[in-house]
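Student: This is a predicted model, with the sequence first.
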Amino acid sequence: MTGIQFGNLLVVVALAFFVPLTLGFVPSVRLPAVVLEIVAGIVVGPSVLGWVEVDQPVGVLAVIGLAFLLFLAGLEIDVRQLRGRPLRLASLGFGVSFAIAVAAGLGLHAVGLAGSGLFVAIVLTATSLGIVVPVLKDAGEIASPFGQLVVAAGSIADFGAIILLSLLFSREGGGIGSQAVLLGGFVLVAAAIGLTIAGAERLPSLSGVLFRLQDTTAQIRVRGAFLLLIVFAFVAERLGLETILGAFMAGALVTLLDRDREMTHPRFREKLEAAGFGIFIPIFFVVSGIRFDVDALTSSASALARVPVFLVALLAVRGLPALLYRRDLGTRRTGVAALLQATSLPFIVAATQIGMELGTIDAATGSALVGAGILSVLLFPLGALTILRAGPRSSVSAAYR
């Protein structure tokens with residue numbers, strides 16, 4: 001413990017506690033806590049009050065928080081929904097989205113608003129499932145064909161964005177061919193681990209031990225999930241890929257293998273969410289605010305103007321492809337789907353940190369992208385809920401069913 005100080009961590013953890021508590025006293029304010037956590041981090045960080053800096057304890061827990069965030073994002077992917085027409089529409093929509101993103105990124109680069117047009121394009125293609133899913137649940141739409149399509153589209157977008165980021169931009173460098181080989185090797189390792197786990201779980205003796213220990217102080221399933229998260233992050237790191245890919249794949253693998261959770265371990269996911277959202281993830285968001293470079297964003301009018309420009313680009317990249325759903329969903333719900341798909345923040349925060357470390361984008365661009373993400377979380381879900389509640393539940397076309 002020699003040399004380790006907990007003063008900075010104390011402030012970060014206190015903010016992580018008091019921000020949602022404060023929101024709890026004003027339930028009429030439907031504002032995601034993540035937004036205020038980032039804003040609170042900005043206020044206490046070097047850009048404003050200068051009370052906190054990112055030292056070793058804070059930095060380590062923030063990295064774990066990022067990994068847990070991507071792990072839980074992978075956990076949101078329901079492979080049972082990724083089939084049939086929803087899969088075809090979601091995949092086509094992501095292809096259109098990426099094409100629009102590349103055009104937007106190159107255009108922004110041409111006018112000097114983006115360091116790397118391709119990197120910005122990838123940042124703009126993701127959807128925040130962790131924010132969209134609660135909105136759909138609150139609206140009673142998560143199990144509807146409309147909700148399933150939006151979740152499928154968000155799943156494809158998150159997965160595609162992380163794969164593209166790992167393939168085209170890596171701290172280890174190398175060409176796209178070598179990165180593709182490494183990515184293929186990672187997929188093979190993940191498949192081998194998944195098959196091994198699936199085979200082991202069929203052993204009656206092991207299943208019995210897992211069942212007996214899952215709700216004791218051993219919390220064996222939670223420990224196993226955390227082990228899987230670290231294993232995948234380690235493998236990705238050793239292969240020169242982004243660790244966020246490993247964390248995301250670990251969550252997706254848990255979802256794929258966890259078939260009988262309602263029968264034998266219904267509280268497993270609640271425990272994982274408690275560990276992630278209760279401890280590590282809010283630290284990551286507060287630290288993201290602390291690292292937010294306000295000076296770079298406000299250094300010039302052109303830098304500040306990037307925020308609304310990126311917000312419009314985000315809406316175009318993720319919103320316009322929703323027009324593919326119009327025949328199935330109707331005009332009203334197509335608009336809702338467009339707004340929800342354009343809601344993005346966690347991936348933007350994670351990706352911009354990587355981009356700034358690589359020198360692919362500057363601090364002003366990174367801060368503007370995060371600012372646009374914050375605005376998307378503030379505005380788009382609220383607009384989507386307003387549209388949904390403005391009229392009766394519409395029918396879904398028979399072609400979709």
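Tutor: Received the coordinates, thanks. Residues are numbered from 1 along each chain as shown.
Student: Check the burial of Ile163 by counting its neighbours.
Tutor: Ile163 has 18 neighbouring residues, counting by other Cβ atoms under 10 Å. (Glycine included, C-beta is placed from N, CA and C.)
Student: cool, and the one 5 residues further on?
Tutor: By the measure other Cβ under 10 Å, the count of residues near Leu168 is 16.
Student: hang on, it packs against Gln179?
Tutor: Yes: at 7.3 Å, Leu168 counts as touching Gln179 under the criterion of Cβ atoms under 8 Å.
Student: and the next element down the chain from the lowest-mean-pLDDT helix or strand in the chain?
Tutor: One helix or strand of the chain scores below all others by mean pLDDT, DSSP states H and E: helix 261-264, with a mean of 58. Using DSSP states H and E, the next helix or strand after helix 261-264 towards the C-terminus is helix 268-275.
Student: Kindly format the C-alpha coordinates of that following helix as PDB.
Tutor: Extracted in PDB, the C-alpha atoms of helix 268-275 (Å, rounded to 0.1, in the frame of the first residue of the first chain):
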ATOM      1  CA  PHE A 268     -26.800 -14.300 -12.500                       C
ATOM      2  CA  ARG A 269     -27.200 -11.300 -14.700                       C
ATOM      3  CA  GLU A 270     -28.500  -9.100 -12.000                       C
ATOM      4  CA  LYS A 271     -25.300  -9.800 -10.000                       C
ATOM      5  CA  LEU A 272     -23.100  -8.900 -13.000                       C
ATOM      6  CA  GLU A 273     -25.000  -5.700 -13.600                       C
ATOM      7  CA  ALA A 274     -24.700  -4.900  -9.800                       C
ATOM      8  CA  ALA A 275     -20.900  -5.400 -10.000                       C
END
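Student: For that helix, list every residue counted as buried.
Tutor: Phe268, Arg269, Lys271, Leu272, Ala275 (16 or more other Cβ atoms under 10 Å).
Student: what separates the second one from Arg221, distance-wise?
Tutor: Read it as Arg269. 10 Å (Cβ to Cβ, to the nearest Å).
Student: Repeat that for the last one.
Tutor: Using Cβ to Cβ, we find Ala275 at a distance of 12 Å from Arg221.
Student: Mind giving me the packing neighbours of the one helix or strand Ile348 maps to?
Tutor: Take DSSP H and E as the rule and Ile348 turns out to sit in helix 346-358. Applying 3 or more Cβ pairs under 8 Å, 6 or more residues apart in numbering; DSSP states H and E, we find helix 346-358 packed against helix 56-75, helix 117-123, helix 145-168, helix 281-291, helix 363-389.
Student: what about stretch 58-71, average pLDDT?
Tutor: Averaging pLDDT along stretch 58-71 gives 90.
Student: Tell me where the model's unsure across the stretch 301-401 of the chain.
Tutor: 391-401 (pLDDT under 70).
Student: can you do 80?
Tutor: 301-303, 388-401 (pLDDT under 80).
Student: Stretch 304-311: how far from the chain's middle?
Tutor: 21 Å (Cα atoms, centre = their mean, to the nearest Å).
Student: whoops, stretch 26-34 was the one
Tutor: 19 Å.
Student: That stretch spans what distance, first to last residue?
Tutor: 16 Å (Cα to Cα, to the nearest Å).
Student: Quick one: residues contacting Phe277.
Tutor: Phe277 sits next to Leu72 when contact means Cβ atoms under 8 Å, 6 or more residues apart in numbering.
Student: Tell me the backbone dihedrals of it, please.
Tutor: phi -80, psi -20 (degrees, to the nearest 10).
Student: Retrieve the pLDDT associated with it.
Tutor: 89.
Student: quick one: low-confidence ranges for the stretch 51-200 of the chain?
Tutor: For the stretch 51-200 of the chain (pLDDT under 80), the answer is 73-74, 76-86, 113-115, 129-131, 133-145, 148, 166-183.
Student: ok, back up a step: would CSV of the buried residues of helix 268-275 with distance to Arg291 be doable?
Tutor: Listed next are the buried residues of helix 268-275 as CSV, based on distance: Cβ to Cβ, whole Å:
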residue, distance to Arg291
Phe268, 33
Arg269, 30
Lys271, 30
Leu272, 26
Ala275, 23
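Student: and which of those residues is nearest Leu136?
Tutor: Arg269 (16.9 Å; Cβ to Cβ).
Student: Quick check, Ile64 in contact with Gly276.
Tutor: No: Ile64 is beyond contact range of Gly276, at 9.5 Å (criterion: Cβ under 8 Å).
Student: Which one of those two is surrounded by more residues?
Tutor: Gly276 (24 against 21).
Student: Run through the residues that contact the closest residue to that one other than its chain neighbours.
Tutor: Leaving aside its sequence neighbours, Gly276 sits nearest to Phe68 (Cβ to Cβ, 6 or more residues apart in numbering; 4.1 Å). Phe68 makes contact with Leu229, Ala247, Ala275, Gly276, Phe280, Ile281, Phe284, according to Cβ under 8 Å, 6+ apart.
Student: Is it correct that the first one is in contact with Ala250?
Tutor: This points to Leu229. Yes: using Cβ under 8 Å, Leu229 makes contact with Ala250 at a distance of 4.6 Å.
Student: okay, and the common contacts of these two?
Tutor: Phe71.
Student: can you pull the contacts of Leu31?
Tutor: Leu23, Leu378.
Student: Show residues contacting the helix holding Ile348.
Tutor: 34, 38, 66, 69-70, 73, 115-116, 119, 122-123, 126, 128, 130, 158, 161-162, 165, 169, 171, 242, 244, 284-285, 288, 291, 361-363, 365-367, 369-370, 372-373.
Student: Can you tell me which of those are buried?
Tutor: So, by 16+ other Cβ under 10 Å, the buried ones in these are 34, 38, 66, 69-70, 73, 115-116, 119, 122-123, 126, 128, 130, 158, 161-162, 165, 169, 242, 244, 284-285, 288, 291, 361-363, 365-367, 369-370, 372-373.
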